[in-house]
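**Q** Show me how the following folds:
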Amino acid sequence: MKEFTWLISHPEIEAQYAGEYVAILNEAVVAHGTDFKAVLEEAEQHGQDPLIHKVPAANTDWVV
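**A** Sure thing, here's the model as predicted:
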């Protein structure tokens with residue numbers, strides 16, 4: 001999926017949208033926010049099958 005490849009190649013998205021859902025379609029962020037359903041609905045106005053990614057909050061601790 002080209003949207004996933006685009007997301008990986010743009011790490012600044014993680015900092016810019018920390019704690020939010022981002023919708024990516026055609027290699028661009030088309031919607032973002034904290035409400036998944038609202039982000040999905042807005043993204044679907046731009047086209048079918050957007051990639052929705054939940055960006056971790058900036059203060060998230062990871063346990064591996």
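**Q** Counting by contacts, list what the longest helix belonging to the chain packs against.
**A** In the chain, taking DSSP state H as the definition, the longest helix is helix 36-44. If you count contacts as 3 or more C-beta pairs under 8 Å, 6 or more residues apart in numbering; DSSP states H and E, helix 36-44 packs onto strand 21-24, strand 29-33, strand 51-54. No exception for glycine: its C-beta is placed from N, CA and C like everyone else's.
**Q** Would you mind stating the distance between the residue positioned nearest the centre of the chain and residue 11?
**A** Centroid check for the chain by C-alpha atoms, centre = their mean gives residue 22 as the closest residue, at 2.3 Å. Applying C-beta to C-beta, to the nearest Å, the value for residue 22 to residue 11 is 13 Å.
**Q** State the next helix or strand along the chain beyond the host helix or strand of residue 5.
**A** Residue 5 is part of helix 2-8 when elements are defined by DSSP states H and E. Using DSSP H and E, the helix or strand that follows helix 2-8 in sequence is helix 12-16.
**Q** Excluding residues flanking it in the chain, which one is nearest residue 33?
**A** Computed as C-beta to C-beta, 6 or more residues apart in numbering, the closest residue to residue 33 that is not its neighbour in sequence is residue 39, at 5.0 Å.
**Q** What score does that neighbour have for pLDDT?
**A** pLDDT recorded at residue 39 is 98.
**Q** For it, grab the count of nearby residues.
**A** 22 (other C-beta atoms under 10 Å).
**Q** my guess is it contacts residue 17, does it?
**A** No: between residue 39 and residue 17 no contact is recorded; they are 10.3 Å apart, counting by C-beta atoms under 8 Å.
**Q** what is in contact with those two at once?
**A** residue 32 (C-beta atoms under 8 Å, 6 or more residues apart in numbering).
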